[in-house]
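**Student:** below are the sequence and a predicted model; questions follow.
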Amino acid sequence: MTQVVSREQRCGLLADAEPDELRALADECLADGGDVRVLVGPEVGFVTAQIREPVAAERFLLGDVLTCRAEVELDGHRGWAMRLGDDRAAVLAAAVLDAEAEAGRPHAEAVHRLCAHVAGRRADRDDAEWAELAPTVVEFEELT
Amino acid sequence: MGYSGARGGLEAILAAEDLVRRARDHAAAPWAPTEQITARFRLAVDRVMGEAGLHHEDTSAAALRQAEGDPLEASHLVRAHRSRLPRLAVSEPVDPDEMVVLRRIVPAFREPDGPQLLGRTTDYTGRLLEQPSGPPAPAPKPDTEVRERTEEQRRPGRFLDLLRKLDLVVDHRRVDDPEPVDITRTPARPPAERSAALASMARAETGALVALWYRSILGPDGDIHEVTLGEVRHGRLPLRVRHPHTGNPVCVGRFRVTEAEAIEDLDGADEDRSRFDVGYGLCFGHNERKAIAMANLDVANRRFGRTGPLEQLLLLTTDGLDSGGFLEHLKLPHYVTFRSMVERKQAMRAAAEAAEGPRVAEPAGQECR
């Protein structure tokens, strides 16, 4: 049994999954002919990045980040997804997986496994990134 | 062509456009795919993201290709593209302290909290032009040895917080929480809220911002600055929105930014000379010149913005599409406006020649005829 994450964590991990992974698992989820409806079609837009800057603790709008989102209903359970970029198919598939997990349908465990896989890959990337960055840590000497 | 005062020319315009397309898209060179542009011209891509105000590398890369490498034209294309997209949400307020750093230097202090991390930079490298005849040999395998790391190494403490601990910085922290100005809906005009100035600088044209900063320290306005750079960072920040079903924040991805803190030595008669002031800069992508100029201008604007022209210059002249667009429009046919100017001059000359003798000034207090 894979460790169950919160719904928000699951959405965050599905947002980070590769499009091919999402599409393949979503196809498996829908193969049993479950009752699926698209509530919000996959839509490309943007999320405005709001920053709380550290000098005066004031908020300002930095700019917009391209995102896409979708919402579906699968066997009476709603699934929602948002991810960066403009891959409509990927975000629709992520919404299907969110609903699959939310409904506890047959592939819910596979969704949890995918989330765990994404989390592991993220950790591996962090390791690889730090392995490249660490040699650039510097201690300049002061000339006295 | 929609410009008033002239019309027609459609065939020539289409032919000119076709000339661009053929030369650009069918040049005798391999096609430059989007990933080629994002990988090899990342700083240009990041600059367009910032100046267009839309964070998406592939969109900026496509715009750069279409604009034949012109960053301002690419920003124009991206802003036009963005204008037809819906706003899906405004993010939860992002705390820049959450940044996972890819580069972080503290020029003001040798041993800050956390590392001095050079990251990917040629700041300390001699400028020697390389002109390879072909692609380089395959790169050696990168070092993949897992290295222990601490939270402080990836999310180092802020230099500003160190100054605060030492009670060396003026405290500007507000207890209220005003709504930020959305300059994409309401253009920023002086006098403006600081949130409008920060947003304007975040998507200003990089060169314009650097030039304005340089003018502010060396130019004719007489503002005296003792400039020290507190901190520069490049890294990733989380983008969180409210989950529509649970109402809780959910991280939908991470976006790259450059951040800078500028330290100003206060020396004005009505300023706290026992402390420093700090300015803040943040922009999309990796663009250190812009973030540093922004941080310095933030604090300069607080000190001198309204006693001189700085706030006006900052808000009204640094947007690349504003200034570049006005300049570019000069190339459109101005036959009618210029002909009216010529006719005015000819009429004045004719009137002068028709008059008898030299012109005599009107008596004081009477309007000229």
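**Tutor:** Now that the structure is in, tell me what you want to look at.
**Student:** so which elements touch the longest helix anywhere in chain A?
**Tutor:** Secondary structure of chain A per DSSP state H: the longest helix is helix A:108-133. Here helix A:108-133 touches helix A:7-15, helix A:19-30, helix A:88-103, helix B:151-154, going by 3 or more CB pairs under 8 Å, 6 or more residues apart in numbering or on different chains; DSSP states H and E. In short, each C-beta sits where N, CA and C put it, glycine included.
**Student:** buried set for that helix?
**Tutor:** Buried residues in helix A:108-133, defined by neighbour count with 16 or more other CB atoms under 10 Å in any protein chain shown: A:108, A:110, A:111, A:112, A:114, A:115, A:118, A:119, A:130, A:131, A:133.
**Student:** same thing with stretch B:154-165?
**Tutor:** Buried-residue list, stretch B:154-165, by 16+ other CB under 10 Å: B:154, B:155, B:156, B:158, B:159, B:160, B:162, B:163.
**Student:** then stretch B:251-267?
**Tutor:** Those would be B:251-264, B:266, for stretch B:251-267 by 16+ other CB under 10 Å.
**Student:** check whether that stretch comes near chain A.
**Tutor:** Yes - Stretch B:251-267 lies within reach of chain A by CB under 8 Å from any CB of the partner chain, at B:251, B:252, B:253, B:254, B:255, B:257, B:261.
**Student:** strands - which of those residues land there?
**Tutor:** B:251, B:252, B:253, B:254, B:255, B:257, B:261 (DSSP state E).
**Student:** hang on, the earlier thing: for the buried residues of stretch B:154-165, which one is nearest residue B:226?
**Tutor:** Ranked by distance to residue B:226 (CB to CB), the buried residues of stretch B:154-165 are led by residue B:163 at 14.9 Å.
**Student:** would you list the phi and psi of that closest one?
**Tutor:** Main-chain dihedrals, residue B:163, degrees, to the nearest 10: phi -60, psi -40.
**Student:** okay, how far is it across stretch A:135-144, tip to tip?
**Tutor:** Start and end residues of stretch A:135-144 are separated by 26 Å (CA to CA, to the nearest Å).
**Student:** starting at the chain centroid, how far to the helix ranked longest in chain B?
**Tutor:** For chain B, the longest helix by residue count, based on DSSP H, is helix B:335-354. Computed by CA atoms, centre = their mean, to the nearest Å, the chain-centroid distance of helix B:335-354 equals 43 Å.
**Student:** look at the residue nearest to residue A:15 when sequence neighbours are not counted and give its secondary structure.
**Tutor:** The shortest distance from residue A:15 to any non-neighbouring residue, by CB to CB, 6 or more residues apart in numbering or on different chains, is to residue A:83 (4.1 Å). Under DSSP: H, G, I helix; E, B strand; the rest coil, residue A:83 falls in the strand class.
**Student:** give me the number of residues near residue A:83?
**Tutor:** 23 (other CB atoms under 10 Å in any protein chain shown).
**Student:** give me the distance between it and residue B:128.
**Tutor:** Distance, residue A:83 to residue B:128, by CB to CB, to the nearest Å: 42 Å.
**Student:** same check, this time on residue B:157
**Tutor:** 37 Å.
**Student:** if we can go back for a sec, ok, which pair from the ones in strands among the residues of stretch B:251-267 next to chain A is furthest apart?
**Tutor:** B:252 and B:261 (27.7 Å).
**Student:** picking that back up, buried deepest among the helices and strands packed on helix A:108-133, which one?
**Tutor:** helix A:88-103 (a mean of 26; mean count of other CB atoms under 10 Å in any protein chain shown).
**Student:** return the alpha-carbon coordinates of it using CSV.
**Tutor:** The C-alpha trace of helix A:88-103 is given here as CSV (Å, rounded to 0.1, in the frame of the first residue of the first chain):
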residue,chain,number,x,y,z
ARG,A,88,-4.5,20.5,-22.3
ALA,A,89,-4.4,16.7,-22.7
ALA,A,90,-2.1,16.4,-19.7
VAL,A,91,-4.2,18.6,-17.4
LEU,A,92,-7.4,16.8,-18.4
ALA,A,93,-5.7,13.4,-17.7
ALA,A,94,-4.6,14.7,-14.3
ALA,A,95,-8.1,15.7,-13.5
VAL,A,96,-9.3,12.2,-14.3
LEU,A,97,-6.6,10.8,-12.0
ASP,A,98,-7.7,13.1,-9.2
ALA,A,99,-11.3,11.9,-9.6
GLU,A,100,-10.1,8.3,-9.8
ALA,A,101,-8.3,8.6,-6.5
GLU,A,102,-11.1,10.7,-4.9
ALA,A,103,-13.7,8.0,-5.8
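**Student:** nearest spatial neighbour of whichever residue of the stretch 251-369 of chain B sits closest to chain A, skipping sequence neighbours?
**Tutor:** Nearest residue of the stretch 251-369 of chain B to chain A (CB to the nearest CB) works out as residue B:253 at 3.6 Å. Using CB to CB, 6+ apart and skipping the chain neighbours, the partner closest in space to residue B:253 is residue A:84 (3.6 Å).
**Student:** so what sits opposite that neighbour in the bridge?
**Tutor:** residue A:67 (DSSP bridges).
**Student:** contacting residues around it?
**Tutor:** Going by CB atoms under 8 Å, 6 or more residues apart in numbering or on different chains, residue A:84 touches A:15, A:65, A:66, A:67, B:56, B:239, B:252, B:253, B:254, B:255.
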